[in-house]
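The sequence isn't on hand, but the structure is:
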């Protein structure tokens, strides 16, 4: 899915106007120039980057050819998101002349957090009890596999992925002492998690704190992907249009700017959001019937 490289804003007195990005296949290997980027963007998206990519950047003045020293090496990592720039472009008329991939990725990141807020349900300290013959949640000193009552487990920390960092499990001793226990793995779409050590049978209870959504975000469901793309499209048109004249004249020709784009795409987002959240009501009724 590529790598997103970010840098801090430079001193206001500096005269650089571009960032130059270099990539290597190893930390100490040869770095090859791959792109210029406006320094004010403070980020660059490398669509060809992998987790094995390394990067360095320097700042450059295109008028004087003055350049800063190269940065320290930066390790690449797969950028997590619910959709990609091409998903946004596929449903809009936006070209790279209108908005760059890097700008779209920054918007997609914001939109992912808004989408999380709109679809996630927060569950605080749900007590682990028997659910069914498969999901026994037995606390017997040997069992380490447990299940949340609701699933799929959602993104709780805003990084557009679901990992052990997104749930917190606590054990309670008979004297009321509360201690967090270590989770070693998680299967989000099953609500399944495995503890590093089996809880002893003399505990008062075990609880889990997490968020869940009606559709998978760990491997984004098509409706999640579509919602993210529509929301990003709405904000992309806002970025392009806000503060601009809705029309201008060139001789006898008048050109109109479509100022309704945000509302059109945001309304579509809300319709998809309703479909997503209605799935939650269906799933809840199904689980109640099972219980």
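All right, it came through fine. Owing to the predicted nature of the structure, the values given are computational and were not obtained by experimental measurement.

Would you mind measuring from residue 130 to residue 208?
Distance of residue 130 to residue 208, computed by Cβ to Cβ, to the nearest Å: 15 Å. Bear in mind the C-beta positions are built from the backbone N, C-alpha and C, glycine included.

Surely residue 128 is in contact with residue 204?
No: with contact defined as Cβ atoms under 8 Å, residue 128 does not count as touching residue 204 (11.8 Å).

Among these two, which residue is more densely surrounded?
Counted by other Cβ atoms under 10 Å, residue 128 and residue 204 do not tie: residue 128 has more neighbours, with 21 against 14.

ok, that one - contacts?
For residue 128, the contacting residues are 137, 139, 146, 147, 205, 206, 207, 208, by Cβ atoms under 8 Å, 6 or more residues apart in numbering.

Then residue 137?
If you count contacts by Cβ under 8 Å, 6+ apart, residue 137 has them with 128, 129, 130, 131, 146, 147.

what's the neighbour count on residue 271?
Other residues lying near residue 271 total 11 when counted by other Cβ under 10 Å.

mind checking the SS state of it?
Assigned with DSSP: H, G, I helix; E, B strand; the rest coil, residue 271 falls in the helix class.

picking up where we left off before, for residue 130 and residue 208, work out which one has more neighbours and name it.
residue 208 (24 against 9).

Residue 26 and residue 49: what is the separation?
In this view, residue 26 and residue 49 are 14 Å apart by Cβ to Cβ.

hmm, I was thinking of residue 83
Distance from residue 83 to residue 49, counting by Cβ to Cβ: 18 Å.

likewise residue 125?
40 Å.

so what's the spatially most central residue of the chain closest to, chain neighbours aside?
Centroid check for the chain by Cα atoms, centre = their mean gives residue 160 as the closest residue, at 2.6 Å. Distance criterion Cβ to Cβ, 6 or more residues apart in numbering; nearest residue to residue 160, sequence neighbours excluded, is residue 80 at 4.0 Å.

again, but for residue 9
Computed as Cβ to Cβ, 6+ apart, the closest residue to residue 9 that is not its neighbour in sequence is residue 42, at 6.1 Å.

Over to residue 238?
Using Cβ to Cβ, 6+ apart, the closest residue to residue 238 is residue 262 (4.8 Å).

I'd like to know which of the contacts of residue 137 is nearest to residue 68.
Residue 68 has its nearest neighbour among the contacts of residue 137 in residue 146, at 51.8 Å by Cβ to Cβ.

To which secondary structure element is the closest one assigned?
Following DSSP states H and E, one finds residue 146 within strand 145-147.

Please state the offset of that strand from the chain centre?
Distance of strand 145-147 from the chain centroid (Cα atoms, centre = their mean, to the nearest Å) equals 26 Å.

so where's this structure shaky on pLDDT?
In the predicted model, the chain carries pLDDT under 70 at residues 1, 10-13, 78-79, 241-259, 280-291.

mind giving me the domain split of it?
The chain breaks down by automatic domain parsing into domains covering 3-75, 85-117+218-290, 121-212.

isn't residue 217 right next to residue 158, touching?
No: the criterion here is Cβ under 8 Å, and residue 217 misses it with residue 158 at 11.4 Å.

neighbour count winner among those two?
The neighbour comparison of residue 217 against residue 158 (other Cβ under 10 Å) goes to residue 217, with 27 against 12.

before we move on, back to that, tell me the contacts of the residue nearest to residue 238?
Contacts of residue 262 by Cβ under 8 Å, 6+ apart are 234, 235, 237, 238, 241.

Check residue 102 too.
For residue 102, the contact set (Cβ under 8 Å, 6+ apart) comprises 4, 37, 41, 43, 44, 45.

I'd like these as a markdown table, with distance to residue 185 and neighbour count appended.
Converted to a markdown table, the contacts of residue 102 look like this (distance: Cβ to Cβ, whole Å; neighbours: other Cβ atoms under 10 Å):
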| residue | distance to residue 185 | neighbour count |
| --- | --- | --- |
| 4 | 27 | 22 |
| 37 | 38 | 19 |
| 41 | 37 | 16 |
| 43 | 32 | 16 |
| 44 | 34 | 25 |
| 45 | 30 | 24 |
